[in-house]
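Chemist: how does the following fold in three dimensions:
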Amino acid sequence: MTDSKYFTTTKKGEIFELKAELNSDKKEKKKEAVKKVIASMTVGKDVSALFPDVVNCMQTDNLELKKLVYLYLMNYAKSQPDMAIMAVNTFVKDCEDPNPLIRALAVRTMGCIRVDKITEYLCEPLRKCLKDEDPYVRKTAAVCVAKLHDINAQLVEDQGFLDTLKDLISDSNPMVVANAVAALSEIAESHPSSNLLDLNPQSINKLLTALNECTEWGQIFILDCLANYTPKDDREAQSICERVTPRLSHANSAVVLSAVKVLMKFMEMLSKDLDYYGTLLKKLAPPLVTLLSAEPELQYVALRNINLIVQKRPEILKHEMKVFFVKYNDPIYVKLEKLDIMIRLASQANIAQVLAELKEYATEVDVDFVRKAVRAIGRCAIKVEQSAERCVSTLLDLIQTKVNYVVQEAIVVIKDIFRKYPNKYESVIATLCENLDSLDEPEARAAMIWIVGEYAERIDNADELLESFLEGFHDESTQVQLQLLTGIVKLFLKKPTETQELVQQVLSLATQDSDNPDLRDRGYIYWRLLSTDPVAAKEVVLAEKPLISEETDLIEPTLLDELICYIGTLASVYHKPPSAFVEGGRGVVHKSLPPRTASSESAESPETAPAGAPPGEQPDVIPAQGDLLGDLLNLDLGPPVSGPPLTTSSVQMGAVDLLGGGLDSLIGGTNFVAPPTAAVPASLGAPIGSGLSDLFDLTSGVGTLSGSYVAPKAVWLPAMKAKGLEISGTFTRQVGSISMDLQLTNKALQVMTDFAIQFNRNSFGLAPAAPLQVHAPLSPNQTVEISLPLSTVGSVMKMEPLNNLQVAVKNNIDVFYFSTLYPLHILFVEDGKMDRQMFLATWKDIPNENEAQFQIRDCPLNAEAVSSKLQSSNIFTVAKRNVEGQDMLYQSLKLTNGIWVLAELRIQPGNPSCTLSLKCRAPEVSQHVYQAYETILKN
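Modeler: Alright, predicted model coming up:
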């Protein structure tokens, strides 16, 4: 009879009976009783009352009974911590049992009992098991260390378990090595700053040796660990790749994807001229293709990962188009994903095949799939110019089918084709106009209106067509209303005499009868333009439009690089970095691909451009609608409008949370990964060698005129992340004015022009006070230095950290984003000296809990030197006295938004450390003021 009988009992009052059975002398009866207890526990009955009786059954040699008791213990130890201590003795005894299975079972269970009182008793048995002669016990103990670290990290560090774990990486048994790596990786994730997995060529060699012999999950742990290592040069990268490549033929798809991740990462460091590079590309294709013969759920995960790989290196799968052709029995989610990859791989060589397939798909029964297939035909036309004509004729054939949703999708994509190839395919407009009445979806109606407005001069009855839409203006969606307004204004500018009434009608509908602010604003702009300057209106509304890019849904390059580091994880399925969906951010470390080595060419090499892109030109990334980054792109990056200076009262941080609200809403979007600000050196600011300073010759040998400390320039935006534009910079304050000193270097192969800059809202309202002026085009390998004056009257929003500044820089190639930390002392104003009485009164008035104390070490200056050094950065000494041999300096400073900070600096002659106490109504600035003190005094 099976164990299912234990789950069928319905007796009342069985606890008492179980108690008696558990204390029985007969071993079999005891075992039966424990099974019944476990069964009751599994179905949710409370059997915690039997705790002492079950624990008594631990004293047995029967492994099955012992496992059951340990299972019970794990479940109830948390609710009965005092009783659980009774079991400790048995654990300690079991850890010395001659049977390795029992030793391992004891150490595993100890790790699962999450009770603080017990943890200290575990240390000795765990230490013995980590050095046990049996590898099974050692591998179990390694995982136990990670569990114990989760309960009490300090204890694990004090007991030296981490060092023992590191020693296990050199163990002779591959499974022990794999578990040690898994445990260390787990611990390192919760402490990103600790350098636990100190990987070096020797330890990597040991891991690669173990890789061949351990189980599949062990291999995954080791491969994931290898992916976090950065080889010192391309030769080491190649040797690791050679030893990882055999894993590509593993039966487990998780091992294959982990191996692909390691190879994709290390390929960054290999030169494309190497024969090995070509061999590796060829080796990567078959395993990826094999993944597509698994069941649909695995196929989907594989396809999402392949989507990333194809965007990064389309050449890997360029000859494998056929495996992405849709099968009739594929689930819809697999079909849609395959379709996406087909378009990414479409090129001149295979376009005929692709189009034949897509045309077939457009006659399927699944509506979502048909829509995507029709859209795909349009995307192929935009991507592969030679195929545009065939795509357009295919779309026209589909329109002739008169299937409503096919016609609507076709019209939407034909609009994009018109934008990519102006004055080429307009002969089809007549066919489109015939289908006007069948359009009922907002996107299709908006596309049709755009076509009629844009080509009004070629359509005889354009006014009638647009008038037909006007009749139900208020029932239309916003998208259609906005398009209709623009379309009629275009029509009026082309045929002013015939359409005056129509334009009057739409303008009054948009401005007087509508409650949508976007529509109203656009209506008013058009109205004023038309009434004041029709010539300007024509230039604005009928301006030549830029050609649209061939790939509209590429992932932004920095995000793509990060996602490549997460191949085979949930991030690669969501196409979002872990920070976007992991709550609390524990263990979320931003990863990026290793920089290319000197021997390999720059990242801008033509071969990395996706198929169909002309060499040397990276496709533009058009953000999805509603993507906040996209909204930032559309901001006017012209000179900022200077507003009235802010009054102190409106920004008194203590009274109101002036810094409230999160900036992430504007720039954070889920796809935005600001570069980690930690990369900026602590010494922020820089010597000036350009701009205004040269005019006044402020750098004649000694530094700036006011003497305010300026740190050396740091690289804020590496060329790798900005299509060849490198930006270095620092911040300065001179004679009351703040500036950002920038150095722009063009490391691309094309000339850069049309520079502009914009700041995101930030804690102190920093904003450019003038446009970014680069007077001549920036040629390849040229560097220009610019001093950009800043004001502090921009929009204010609290940042994390407080001195974080997010910047968008635009040029003729793209818009790029970076964030940097500005030193707070650039915001210390010149009138920051308080009189003594005021200082005393304010010091008493600020509550004591707002006081923060800091130690400034390694500062051997005397009080006089400290005072004059700080005064040059607008930190003023109000009073000075000597108490018991200590010099006390009382100082004040004022920030640009009117916040006062009071300081007491204690200096003991002969002691290189001094104590700084800060008081302020906005205590969040204290930490940053302390950093400013450190920076100024140590430089």
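Chemist: can you give me the helices for the stretch 351-500 of the chain?
Modeler: Taking DSSP state H, counting those that start in this stretch as the criterion, the stretch 351-500 of the chain carries its helices at 351-361, 367-383, 388-400, 404-420, 429-434, 442-454, 462-470, 478-494, 500-511.
Chemist: just put the ones you listed in TSV and tack on mean neighbour count, distance to residue 890 and mean pLDDT.
Modeler: C-beta coordinates here come from the backbone N, C-alpha and C atoms, glycine included. Shown next, in TSV, are the helices of the stretch 351-500 of the chain (neighbours: other CB atoms under 10 Å; distance: least, CB to CB, whole Å; pLDDT from 0 to 100):
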stretch	mean neighbour count	distance to residue 890	mean pLDDT
helix 351-361	18	76	87
helix 367-383	22	68	88
helix 388-400	19	76	86
helix 404-420	22	67	86
helix 429-434	15	79	81
helix 442-454	23	67	89
helix 462-470	18	73	84
helix 478-494	23	60	90
helix 500-511	18	61	88
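Chemist: what about these, which gets the closest to residue 158?
Modeler: Counting by CB to CB, residue 158 lies closest to helix 367-383 out of those; the figure is 58.3 Å.
Chemist: residues in contact with the residue lying closest to residue 338 once chain neighbours are set aside?
Modeler: Nearest residue to residue 338 in three dimensions, chain neighbours excluded: residue 324, at 4.7 Å (CB to CB, 6 or more residues apart in numbering). For residue 324, the contacting residues are 292, 338, 341-342, 345, by CB atoms under 8 Å, 6 or more residues apart in numbering.
Chemist: picking up where we left off before, what's the closest of the helices of the stretch 351-500 of the chain to residue 854?
Modeler: When those are compared by CB to CB, helix 478-494 sits nearest residue 854, at 53.5 Å.
Chemist: what angle sits between that closest one and helix 500-511?
Modeler: With axes from the mean of the first three to the mean of the last three CA atoms, to 10 degrees applied, the angle from helix 478-494 to helix 500-511 works out at 150 degrees.
Chemist: quick one: residues in contact with helix 478-494.
Modeler: With contacts defined as CB under 8 Å, 6+ apart, helix 478-494 is touched by 442-443, 445-446, 449-450, 452-454, 456-457, 462-463, 466, 469-470, 473, 476, 499-500, 502-503, 506-507, 510, 514, 516, 518-519, 522-523, 526, 530, 534, 537-538, 541-542.
Chemist: 6 Å instead?
Modeler: Helix 478-494 is touched from outside by 442, 445-446, 449-450, 453, 456-457, 462, 466, 469, 499, 502-503, 506, 510, 516, 519, 522, 526, 538, 541-542, with contacts defined as CB atoms under 6 Å, 6 or more residues apart in numbering.
Chemist: let me know the pLDDT of the residue nearest to residue 59 when sequence neighbours are not counted.
Modeler: Among residues not flanking residue 59 along the chain, residue 90 sits closest, at 6.6 Å (CB to CB, 6+ apart). Looking at residue 90, its pLDDT stands at 76.
Chemist: what strand or helix carries the residue nearest to residue 530 when sequence neighbours are not counted?
Modeler: Excluding the flanking residues, the one nearest residue 530 by CB to CB, 6+ apart is residue 537, at 5.2 Å. Assigning secondary structure by DSSP states H and E places residue 537 in helix 534-541.
Chemist: quick one: list the elements packing against that helix.
Modeler: For helix 534-541, the packing partners by 3 or more CB pairs under 6 Å, 6 or more residues apart in numbering; DSSP states H and E come out as helix 478-494.
Chemist: quick check, residue 790 in a strand?
Modeler: Yes. Applying DSSP: H, G, I helix; E, B strand; the rest coil, one finds residue 790 inside a strand.
Chemist: burial count for the spatially closest residue to it that is not a sequence neighbour?
Modeler: In this structure, residue 790 finds its nearest non-sequential neighbour in residue 738, 4.5 Å apart by CB to CB, 6+ apart. By the criterion of other CB atoms under 10 Å, residue 738 has 20 neighbours.
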